[in-house]
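Colleague: Model the following, please.
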Amino acid sequence: KRFLVTIETSKHRFFQFVPGTTRADNKLIAIGLEGAEYLSLLSSSAHEKWSLRTGSWMGFGNDPVYAKTRCFDPFPFPDLTDPQKTHLRALGEDLDAHRKRQQAANPKLTLTSMYNVLEKLRAGDVIEGKDREIYDHGLIGILRDLHDQIDAAVADAYGWPVDLSDEDILLRLVALNKERAEEEAR
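Modeller: Residues are numbered from 1 along each chain as shown. Next up is the predicted model:
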């Protein structure tokens, strides 16, 4: 009924559900998963860090490119318990609904503009002018909270502390990927 997509080349890495009848063009990475727990996992900072390290870069702004065979296929998803899956599924549905609701209420609001302001908010920048309007219309404080909850739930799913450094997250993901590849080879 639906599947996940992300734009191949984009300043921000965000995933969203589109209806199953959508015909994705060549610049849209389509992932045939409809469970909202996957939206949470792919929307986590762990997956973002992984995709920035394993993907490539292009364009005037040196935007990240999401190469499915390098970013998605080898990503070591956590083995979820039923309660973790239920929690991540609820967070993914909340994230999807929040963004779609705010965009429906504010037709000029884009995901890129929302994530531009979220990035500024996380950096501690003053949110004013047009950014303040986007912050208000997109309810960016709620968006930040949803992503924080997702990051905490994903860390829990891996059995990791929530406050790991970017480098520690990457080291653990690489180790998990290697461990699973060795198990598969056996």
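
Colleague: So what does residue 72 look like in phi/psi?
Modeller: The phi/psi pair for residue 72 (degrees, to the nearest 10) reads phi -90, psi -50.

Colleague: In this structure it contacts residue 31, no?
Modeller: Yes - counting by Cβ atoms under 8 Å, residue 72 touches residue 31, with 6.5 Å between them. For every residue, glycine as well, the C-beta is placed using N, CA and C.

Colleague: what is in contact with those two at once?
Modeller: residue 42 (Cβ atoms under 8 Å, 6 or more residues apart in numbering).

Colleague: of the two, who's got more company?
Modeller: Set residue 72 next to residue 31 and count neighbours by other Cβ atoms under 10 Å: residue 72 wins out with 21 against 16.

Colleague: doesn't residue 35 make contact with residue 80?
Modeller: No - with contact taken as Cβ under 8 Å, residue 80 and residue 35 are classed as non-touching, separated by 10.1 Å.

Colleague: Look at the two and report which has more neighbours.
Modeller: residue 80 (18 against 15).

Colleague: And that one, how far from residue 158?
Modeller: Noted for residue 80: a distance of 10 Å to residue 158, by Cβ to Cβ, to the nearest Å.

Colleague: Could you do residue 138 as well?
Modeller: Residue 138 is 29 Å from residue 158, by Cβ to Cβ.

Colleague: same thing with residue 68?
Modeller: Distance from residue 68 to residue 158, counting by Cβ to Cβ: 22 Å.

Colleague: Now do the phi/psi pair for the residue nearest to residue 59 when sequence neighbours are not counted.
Modeller: Among residues not flanking residue 59 along the chain, residue 9 sits closest, at 6.4 Å (Cβ to Cβ, 6 or more residues apart in numbering). Main-chain torsions, residue 9, degrees, to the nearest 10: phi -120, psi 120.

Colleague: swap in residue 108?
Modeller: Dihedral angles (degrees, to the nearest 10) for residue 108: phi -90, psi -10.

Colleague: So which elements touch the longest strand along the chain?
Modeller: Under DSSP state E, the strand in the chain containing the largest number of residues is strand 2-7. Contacts defined by 3 or more Cβ pairs under 8 Å, 6 or more residues apart in numbering; DSSP states H and E place strand 2-7 against strand 16-19, strand 28-31, helix 36-43.

Colleague: Report the helix or strand with the lowest average pLDDT across this structure.
Modeller: Least confident helix or strand of the chain, by mean pLDDT, DSSP states H and E, is strand 56-58 with a mean of 90.
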